[in-house]
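**Student:** what's the 3D shape of this:
(one chain, ligands or ions: 1)
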Amino acid sequence: MEPRNENKSSILLLHNAMIVTMDSQSRVYQDGAIAIQNNSIIAVGKSAEILPQFSSLSPQILDLSGQILLPGFINTHVHTSQQLGRGIADDVDLLTWLHKRIWPYESNMTEQDSFISTLLCGIELIHSGVTCFAEAGGQHLSGMASAVEVLGLRACLTESIMDWGEGLPASWAARTTEECIKLQEDLFMKHHNTADGRIKVWLGIRQIMNSTDRLLAETRDTAKKLETGIHMHIAEIPLENQLIVETRGVDHGTVTYLEKIKFLQNNLLAAHTVWVNEEEVDCLSKAGVKVSHCPAAAMRMLGFAPIREMLSAGVCVSLGTDGAPSNNRMSIVDEMYLASLVSKGREVFSKGTTDPTALPAETILRMATINGAKSILWDKEIGSLEVGKKADIVVVNPSSWSMMPIHDCISSLVYCMRTENIVSVMCNGCWIMKDKKIITIDEEKVLSMAKHASAELLKRAGIQVPSRMNFL
Ligand SMILES: [Zn+2]
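**Tutor:** Numbers count the residues shown, from 1 in each chain. As a prediction, this is how the structure comes out:
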């Protein structure tokens, strides 16, 4: 089903809503309206001023009184391939997580599995108000692209890339550096700027412990040539930094090494970036590297990232969910809430005293919207509700037990809002969810396909999740 407005050139007016624009002046219209034509915003402002401007053009009018409009949220680090693996690695140590569960799972995926996994993940993303995501590096990019096209979302897709490392599954270990680059160039040619421009293709580096120096250098140069971004997990655990110090002749860790080889550039999206020192934060800032902070996954597997310090140093930090086996919830709404709490809590850990002012609600909202757009090099078109930008919009209904009463609208959106408050989502001028029902796909059908595909995949991969209790 094509979720387009009936007549593409007709004007759609959303009015009587509170509009949180997230523009550079932080404008919030308390009784606001947005005019949309084709896939773009052509006017935004007070309802009383916008409506008369378009009344002679017979616009389609939607009264959204009592509701709050925001730019579509941007999830800058999500493993769509891992959605079928939710629950396969809960409460296990890192090595078991990677070698016994995730690698066997991912290396046994087919393109059809990737398609179904991305559809399933997309359902959760849309319900949480996400209109755009950055894939962290997964399996079978073509499968992801087909799913994104159907879902109606916007995405920067990345293949999982490794050319080195001990204990890799055989099919991955056989891949040469040349093949890694060639595969990504081919995927770029095939999928970049497809689906009405909603899909972009990025280059991937899974992590430094699985990359040769040559892969790093060629990825940096290929991204420059293709004018696209690079998505990479960086400084995730102390062991990673330790290995880099021991093997690559630098005195701290991954960021110091990447600085040395001129890999740090403004098209790099660094995921997690937990174990970085002050000098490394400065390097990230000077190079214009963007950071995706995934608070739930960091708490579960990695540690406290110095987000407050990064923001103070001018680093653009956005939010991600990471994948289903390391977070379980793919809701950016939950991550907003957690991001603020985790950073407030970290102050106690690092300074011995609380500081409730750390990462206030308005900062968190920026991280989930405009900073997300900057992180994926797409801020000229998305990330705020402004004239000329694409119509990627979230409609929030705050009239529920979870949000009422509202005395401070901006803080309520971060501390009270639940995924259930997201009622409608528009991407690229098309409704993809209305009244909590996704209209681009049949959710029930996807759930049943996912159940079947994940059971088959686990069987093929030989993964058995041990029982925790006495099941009878
Ligand atoms: Zn990740």
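**Student:** who in this protein is up against the ion?
**Tutor:** A136, D322 (C-beta under 5 Å from the ion). In short, each C-beta sits where N, CA and C put it, glycine included.
**Student:** Pick out the residue closest to the middle of the chain.
**Tutor:** N75 (2.1 Å; C-alpha atoms, centre = their mean).
**Student:** give the contact list for that one.
**Tutor:** L125, V130, C132, F133, A134, L319, G320, T321, M330, I332, E335, G372 (C-beta atoms under 8 Å, 6 or more residues apart in numbering).
**Student:** Now do the SS call for the fourth one.
**Tutor:** This means F133. strand (DSSP: H, G, I helix; E, B strand; the rest coil).
**Student:** quick one on the thing from earlier: can I take it that the residue nearest to the centre of the chain is in a helix?
**Tutor:** No: counting by three-state DSSP, N75 is not found in a helix; it is strand.
**Student:** How many neighbouring residues does the closest residue to the ion within the chain have?
**Tutor:** Using C-beta to the ion, the single residue of the chain nearest to the ion is A136, 4.2 Å away. Residues contacting A136 under the criterion other C-beta atoms under 10 Å number 29.
**Student:** isn't it right up against H233?
**Tutor:** Yes: with contacts counted by C-beta atoms under 8 Å, A136 reaches H233, the gap being 7.4 Å.
**Student:** Between those two, which contacts overlap?
**Tutor:** In contact with both A136 and H233: A271, using C-beta under 8 Å, 6+ apart.
**Student:** for I161, what are its contacts?
**Tutor:** G137, C180, L183, Q184, L203, G204, I205, R206, S211, L215, T219.
**Student:** run the last query once more with 7 Å
**Tutor:** G137, C180, Q184, G204, I205, R206 (C-beta atoms under 7 Å, 6 or more residues apart in numbering).
**Student:** Now, those that are in strands?
**Tutor:** Mapping those onto strands (DSSP state E) picks out G204, I205, R206.
**Student:** where does this protein have its least confident helix or strand?
**Tutor:** helix 94-95 (a mean of 84; mean pLDDT, DSSP states H and E).
**Student:** List of residues touching the next helix-or-strand element following that one?
**Tutor:** Using DSSP states H and E, the helix or strand that follows helix 94-95 in sequence is helix 103-107. With C-beta under 7 Å, 6+ apart as the test, helix 103-107 has contacts from S81, G85, I88, Q139, S160, P169, S171, W172, L457, A461, G462, I463.
**Student:** helices or strands up against the following helix or strand past helix 103-107?
**Tutor:** Next along the chain after helix 103-107, taking DSSP H and E as the criterion, comes helix 111-127. Identification of packing neighbours for helix 111-127 by 3 or more C-beta pairs under 7 Å, 6 or more residues apart in numbering; DSSP states H and E yields helix 141-151, helix 443-461.
**Student:** can you give me the mean pLDDT across helix 111-127?
**Tutor:** Confidence over helix 111-127, taken as the mean pLDDT, stands at 98.
**Student:** Can you tell me what sits against that helix?
**Tutor:** With C-beta under 7 Å, 6+ apart, helix 111-127 has contacts from 75, 78, 80-81, 83-84, 133, 138-140, 142-144, 146-148, 151, 153, 330-331, 419, 422, 425, 432-433, 438, 441, 443, 446, 449-450, 453, 457.
**Student:** For it, what is the distance to the chain centroid?
**Tutor:** 14 Å (C-alpha atoms, centre = their mean, to the nearest Å).
**Student:** could you dump it to PDB, C-alpha only?
**Tutor:** Extracted in PDB, the C-alpha atoms of helix 111-127 (Å, rounded to 0.1, in the frame of the first residue of the first chain):
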ATOM      1  CA  GLU A 111      18.900 -12.100   2.900                       C
ATOM      2  CA  GLN A 112      15.300 -13.100   3.600                       C
ATOM      3  CA  ASP A 113      16.100 -13.200   7.300                       C
ATOM      4  CA  SER A 114      17.600  -9.800   7.100                       C
ATOM      5  CA  PHE A 115      14.400  -8.500   5.300                       C
ATOM      6  CA  ILE A 116      12.100 -10.000   8.000                       C
ATOM      7  CA  SER A 117      14.400  -8.800  10.900                       C
ATOM      8  CA  THR A 118      14.400  -5.300   9.500                       C
ATOM      9  CA  LEU A 119      10.600  -5.300   9.100                       C
ATOM     10  CA  LEU A 120      10.200  -6.500  12.700                       C
ATOM     11  CA  CYS A 121      12.700  -3.900  14.000                       C
ATOM     12  CA  GLY A 122      11.000  -1.200  11.800                       C
ATOM     13  CA  ILE A 123       7.600  -1.900  13.500                       C
ATOM     14  CA  GLU A 124       9.200  -1.100  16.900                       C
ATOM     15  CA  LEU A 125      11.000   2.000  15.600                       C
ATOM     16  CA  ILE A 126       7.900   3.500  14.000                       C
ATOM     17  CA  HIS A 127       5.800   2.900  17.200                       C
END
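**Student:** quick check: domain ranges of the protein?
**Tutor:** Here the domain parsing of the chain from the TED database is 11-71+384-438, 73-376.
**Student:** Do me a favour and average the pLDDT over the first one.
**Tutor:** Predicted confidence along domain 11-71+384-438 averages 97 (mean pLDDT).
**Student:** now do the same end-to-end measure for that domain.
**Tutor:** Terminal residues of domain 11-71+384-438 are spaced 23 Å apart (C-alpha to C-alpha, to the nearest Å).
**Student:** just how off-centre is that domain within its chain?
**Tutor:** The answer for domain 11-71+384-438 is 21 Å, by C-alpha atoms, centre = their mean.
**Student:** picking up where we left off before, name the member of the ones in strands among the contacts of I161 with the most neighbours.
**Tutor:** In the ones in strands among the contacts of I161, the most neighbours by other C-beta under 10 Å go to I205, 26 neighbours.
**Student:** Which residues are in contact with that one?
**Tutor:** Counted by C-beta under 7 Å, 6+ apart, I205 has contacts I161, S211, L215, L216, T219, I230, M232.
**Student:** repeat that for 6 Å
**Tutor:** Contact partners of I205, counting by C-beta atoms under 6 Å, 6 or more residues apart in numbering, are I161, S211, T219, M232.
**Student:** can I get the ones in strands among the contacts of I161 in TSV with pLDDT?
**Tutor:** Formatted as TSV, the ones in strands among the contacts of I161 follow (pLDDT from 0 to 100):
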residue	pLDDT
G204	98
I205	97
R206	95
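**Student:** which stretches of the stretch 351-472 of the chain form strands?
**Tutor:** 393-396, 422-427, 430-434, 437-438 (DSSP state E, counting those that start in this stretch).
**Student:** Dump those into TSV; add distance to A223 and mean neighbour count as well.
**Tutor:** Conversion of the strands of the stretch 351-472 of the chain to TSV gives the following (distance: least, C-beta to C-beta, whole Å; neighbours: other C-beta atoms under 10 Å):
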stretch	distance to A223	mean neighbour count
strand 393-396	30	24
strand 422-427	26	24
strand 430-434	29	20
strand 437-438	33	15
